[in-house]
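Colleague: what follows is a predicted protein model with its sequence.
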Protein chains: 4
Amino acid sequence: MFFASDNWAGAHPAINERLSKESTRFAAAYGNSELDRSIEARFNEMFERDVAVFFVATGTAANSLALASVARPGGLTFCHSEAHVIEDECGAPDFFSGMRMVAVEGPAGKMLPENLVERISRYPQDAVHHGRAAAITMTQATEVGTIYTLEEIDAIAKIAKDNGLPLHMDGARFANALVALDCSPAEMTWKRGVDVLSFGGTKNGCWCAEAIVFFNPDLAKDFAFLRKRSAQLFSKSRFIAAQFDAYLKDDLWMGLAGHANTMADRLRTGFSALNSARLAWPTTSNEVFAILPKASAKAAEEQGARFYNWPAPRDIPEKVKADEVLIRMVTSFATTEEDVDQFLSICASA
Amino acid sequence: MFFASDNWAGAHPAINERLSKESTRFAAAYGNSELDRSIEARFNEMFERDVAVFFVATGTAANSLALASVARPGGLTFCHSEAHVIEDECGAPDFFSGMRMVAVEGPAGKMLPENLVERISRYPQDAVHHGRAAAITMTQATEVGTIYTLEEIDAIAKIAKDNGLPLHMDGARFANALVALDCSPAEMTWKRGVDVLSFGGTKNGCWCAEAIVFFNPDLAKDFAFLRKRSAQLFSKSRFIAAQFDAYLKDDLWMGLAGHANTMADRLRTGFSALNSARLAWPTTSNEVFAILPKASAKAAEEQGARFYNWPAPRDIPEKVKADEVLIRMVTSFATTEEDVDQFLSICASA
Amino acid sequence: MFFASDNWAGAHPAINERLSKESTRFAAAYGNSELDRSIEARFNEMFERDVAVFFVATGTAANSLALASVARPGGLTFCHSEAHVIEDECGAPDFFSGMRMVAVEGPAGKMLPENLVERISRYPQDAVHHGRAAAITMTQATEVGTIYTLEEIDAIAKIAKDNGLPLHMDGARFANALVALDCSPAEMTWKRGVDVLSFGGTKNGCWCAEAIVFFNPDLAKDFAFLRKRSAQLFSKSRFIAAQFDAYLKDDLWMGLAGHANTMADRLRTGFSALNSARLAWPTTSNEVFAILPKASAKAAEEQGARFYNWPAPRDIPEKVKADEVLIRMVTSFATTEEDVDQFLSICASA
Amino acid sequence: MFFASDNWAGAHPAINERLSKESTRFAAAYGNSELDRSIEARFNEMFERDVAVFFVATGTAANSLALASVARPGGLTFCHSEAHVIEDECGAPDFFSGMRMVAVEGPAGKMLPENLVERISRYPQDAVHHGRAAAITMTQATEVGTIYTLEEIDAIAKIAKDNGLPLHMDGARFANALVALDCSPAEMTWKRGVDVLSFGGTKNGCWCAEAIVFFNPDLAKDFAFLRKRSAQLFSKSRFIAAQFDAYLKDDLWMGLAGHANTMADRLRTGFSALNSARLAWPTTSNEVFAILPKASAKAAEEQGARFYNWPAPRDIPEKVKADEVLIRMVTSFATTEEDVDQFLSICASA
């Protein structure tokens, strides 16, 4: 019953097998192997256009360098107030990009377009004292398990375009969102106006596979240097490539995310059916936020369940009572029906 | 015949097997698993003292963050003029540490103590215009396949101590040097005066395993933040730990480095026996620099050999003639006797 | 009728005269002249203790380098949501310190202690993902013309101490606040717990005189390098020293600030007596925020008055009606009674 | 007899007078006054084309921000091995630009074109490990009192152009070089291929007046933000403008530099005529390097002369004997014939 985070899971057997196979041969280092090249081509296919792809070590690196690649002096990047880039990366985006992250409010982890517009309007392009708007970053799926619909992405993208700002998408849980929206990678990104993407594989069955995807390869002309200077160029880069090779083959990644989302659905359905527990707010990907009696949470923990207690947001629709607790549960490719059912069963009986 | 670099090799089967085993289970993320903890304890044993250990993604990251951890405003770091930190890391050490790398000359890839003393003397602690000496970094084994003897390390360490400067060792090829010197890890590092070490596993059979080791854990009190801010904290950190688990178990790492060095010896012996080729300078680890007839090099390449042509250093003891070429060959855990012998045989017959 | 800002004023004749005198002689450069030394001694007297003083070029530099001097990796600095450091310095504090500015709300431009406590509590010292609390900065006088009372400074300082955080004071309008509080420089700073101060002279009659004052000189041991590396060491530093020489002599600076505050009082009294205009909120230093009929503002502008239209804050006590405008007026040493009276007279008749 | 540096001089009376006049009036802050605008227009005239001009606080700031404005990730800037940017600015150019300064050797303080070509060739545009050539900076007049001839500037500029690199000129002593070459500002800069210039006024009679001049204003489109973010935007910017107003009026600046150069000539002539002293190497601007008997130097110091003992460069044409000392003497607008003659007289009699 490991629901603490999807990054507590290991690696999928197919990915593991591919790594093992890769380990027995020699190949050019620093991203110059044929395998590296072939994965880049695979990204082109996946996104139905020529893209520029760069592997990095962590999701934080993906976000930070993506933003650094579009940075301007005195620039400001707009993000949701609970976004990973502003609250969970120890200032790495600021450090690498030299930009300040400006928090935009909005319910359910999503920037409200009117709030975004209002915030941007405070930082016009000649505001040498305030700093100027320089980028927008959105998280898909969000930190709180919700997903921007295609129409909502359109709305953010329009604001970006109206203001001449590049749009970044933090896709640490890209696959979970994609499966939930049931659309193509292109439809969720550049066809809507996304310029640069953090494409995460680690949380969805790889052990370390993060990529930055530039939909306009011209934007990436300095990026190889930026990455190396940022200490993010793997010598045995092809082991990242190998993970992506297995990850993308026969849509494995979609299957893994589908499974994680299904397990989350099973949790959601289970909680909804319980008298003693309920969903804190609706989610649609692989994160579930539930309100339980403290006794249930304690019982689950004692029986080995792992999850995080979550601070209740101010605008939470369902209030948390004194004898209750709000928890976050994250499912992954490795979550089993048994894990889910056992957890629900503890809640039902506690 | 892959002699281009030791990072062209894959990963050792034992490491691979350990990764596979790790992939099937859940564990705490971001370095908080029991496995992460146990590897930290293993480093204590290996170095015969309490150390602080941090995993990072690349050798560049290890060097850059090690230097960043001892950086001072306006500080200068002294290194050999051909050191990786100054010539091969795209300015990452400067970027992360905010310090300038100052080149110190010396034959055979090693800083000459008198040159180091002279250079440091130009940057006294009150030299607000010039900047001030703030750190020394040495590479063991060096970029050109040589090794600082224990006495030579002593000489550098004494200069560091006399000037109150922290001493960093870039150990991207730590194991190869250690085996060649036939001493303990402690004897090659803190017992001589090294303060912080980049401990590399990637070139010696891991696919991605680099660690920063602080011999005085107090020096590391801010480091967890520095690493996260630098986008170098792996979520599935335990997969690095797992690699080190197999790497260090039963001295696998020493065996792998021993094999690589033996293969280099075989190359050295072979070249010495040839009339048509010779060593450019003496080396003692897993790098061999040889002067060949251009025809031999071409023949080898045509038969699949991979190696780098190397620019001849100014102070090369053996001159390279017009019809000759200087090449660098690097052996690894995966190099076979057959590879070596085939290469030598081509040279003999070309 | 120049009320746009106190930095629209020129320089006081006494300061000018002192500069002229200084211009005729030779002296050591880069802060090494006897005059530089003597001004440092003057700061010791002024603050009734040994301090370390460094001149810089701008208020932005003073704030940015003061924060840089106490910065820690992944550190966060807490400031009021309208503070100059977060909204008016184009990200310079973030750039030089590597820290993120975290906005703390509070009425009248002052951080509310409970809000500050709550914010800090989100970033404990082991929060490697969120970043950690590293400094607090308060502005005295604030951006909106108000002043922290000594008790209010105590409250902020206690929070700093309780959390082990250094406390910085942005004193761009230090003199105006000091005169308003009628206390000694020591009483408004280190006796309350302020660790480092941006001491501004430019807005109060110098043309360019900003200093960073460390109340614990040990905190400043690296600062000479930090300043030079930040391009803030004047070669003819003694011309800054000369300005401070005249500024501090016979308490000129207190007189100048007293005059500016008196002129602001005259404005405040005048607006209060008018039917057609009123104060937007109470202020106590040299800034006045008034609500006028648009017609009055227009008339004043047409007759040469200069001031800024100000966006109405959400929590403004006095609402701005549709035909009204909120303006900011700043007085200085150079403001005359005639200017004030003419402005009020326009308002009375418009 | 103040020959320590030209920045030991005060300010010229005309500049002082202009500052006094400026101090009595109000004007818009942050570079937005009419005076600021008019000086920008003056620079256009001076350089016979539209330029973009920005004032900053120090020569270090001018160099650092000029380089920052053309910086690229992983970029390298080529400069003479004794250049101010690499040896006397405490790493500020590296800090602001994120680039490493690469030393190029050459006699008499000037980069030798073939050395520059060779150095650049080591860092091609795809050298992601080594870093890539990104800028060239030359110092005019140089640190050792020499001057690049127009033909020599052409040679450097051709290399810049051939390699697609922007060319920066550090003109801390621009006027002294210009007078010595007897050409127009345009002829010494953009007509030769200089892209961006640090135009120094401080050493030549201002007390603080440094400007960055972009000959292609398009290069400067982000610069206002870069400057503010770097804490270099003066609030009372017009006091810099006022200094330049007097400085440029009726070619005052040329006269001041002419005087300084003439005083240096007088020193040069004097030393050449002495048996006991001689020039260490030929100089043509306002710096004189002389070899004296230690006794003469001591006698001069005892009689109040100020100058720096200089470390003898390796390639010095005239050797310094055991009882001799190499000294640097810098003349300025404020140097008098009496000072020069007194010094020479001491040497003659010592």
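Modeller: Received it, and whenever you're ready, just let me know what you need. If you're wondering where the values come from, they're calculated on a predicted model, not measured in any experiment.
Colleague: where does the residue in the stretch 251-350 of chain A positioned nearest to chain D sit, in terms of helix or strand?
Modeller: Nearest residue of the stretch 251-350 of chain A to chain D: residue A:253, at 28.7 Å (CB to the nearest CB). To be clear about C-beta, it is placed using only N, CA and C from the backbone, and glycine gets the same treatment. Using DSSP states H and E, the element containing residue A:253 is helix A:252-273.
Colleague: which residues are contacting the following helix or strand past that helix?
Modeller: Downstream of helix A:252-273, the first helix or strand assigned by DSSP H and E is strand A:278-279. Residues from elsewhere that reach strand A:278-279 (CB atoms under 8 Å, 6 or more residues apart in numbering or on different chains): A:268, A:271, A:272, A:288, A:289, A:290, A:291, A:318.
Colleague: pull out the buried members of those residues.
Modeller: With neighbours counted by 16 or more other CB atoms under 10 Å in any protein chain shown, the contacts of strand A:278-279 contain buried members at A:268, A:271, A:288, A:289, A:290, A:291.
Colleague: for residue A:314, give me the pLDDT.
Modeller: According to the prediction, residue A:314 has pLDDT 80.
Colleague: what's the burial count for it?
Modeller: Counted with other CB atoms under 10 Å in any protein chain shown, the neighbours of residue A:314 add up to 5.
Colleague: phi, psi for it please.
Modeller: Residue A:314 has phi and psi values of phi -60, psi -40 when expressed as degrees, to the nearest 10.
Colleague: same question for the one 3 residues further on.
Modeller: Backbone dihedrals for residue A:317, given as degrees, to the nearest 10, come out at phi -70, psi -40.
Colleague: with residue A:51 instead?
Modeller: Main-chain dihedrals, residue A:51, degrees, to the nearest 10: phi -130, psi 170.
Colleague: near chain C, which residues of chain A are found?
Modeller: Taking CB under 8 Å from any CB of the partner chain as the contact definition, chain A meets chain C at A:73-76, A:87-91, A:94-95, A:98-101, A:128-131.
Colleague: out of the residues you listed, who's near chain D?
Modeller: For chain D, the contacts drawn from the residues of chain A next to chain C by CB under 8 Å from any CB are A:73, A:74, A:75, A:98, A:128, A:129, A:131.
Colleague: determine which two of these are furthest apart.
Modeller: Farthest-apart pair in those is A:98 and A:129; separation 16.8 Å (CB to CB).
Colleague: which of the two has more neighbours?
Modeller: Taking neighbours as other CB under 10 Å, residue A:98 and residue A:129 compare with residue A:98 leading, 20 against 15.
Colleague: let me see the backbone angles for the residue lying closest to that one once chain neighbours are set aside.
Modeller: Excluding the flanking residues, the one nearest residue A:98 by CB to CB, 6 or more residues apart in numbering or on different chains is residue A:71, at 5.6 Å. Note on residue A:71: its backbone torsions stand at phi -70, psi 150 [degrees, to the nearest 10].
Colleague: ok, back up a step: please flag which of the residues of chain A next to chain C sit within strands.
Modeller: Judged by DSSP state E, the subset of those located in strands is A:75, A:76, A:100, A:101.
Colleague: and residue A:103, which helix or strand is it part of?
Modeller: For residue A:103, the host element (DSSP H and E) is strand A:100-104.
Colleague: which other residues reach that strand?
Modeller: With CB under 8 Å, 6+ apart, strand A:100-104 has contacts from A:75-81, A:83, A:85-86, A:93-94, A:111-112, A:115-116, A:119, A:123, A:131, C:91, C:94, C:100-101.
Colleague: give me the angle between whichever helix or strand residue A:133 is part of and strand A:100-104.
Modeller: Assigned by DSSP H and E, residue A:133 falls within strand A:132-139. Interaxial angle of strand A:132-139 relative to strand A:100-104 (axes from the mean of the first three to the mean of the last three CA atoms, to 10 degrees): 60 degrees.
Colleague: does anything pack onto strand A:132-139? Which helices or strands?
Modeller: Under the contact criterion of 3 or more CB pairs under 8 Å, 6 or more residues apart in numbering or on different chains; DSSP states H and E, strand A:132-139 touches helix A:59-69, strand A:75-80, helix A:84-87, helix A:150-162, strand A:167-171.
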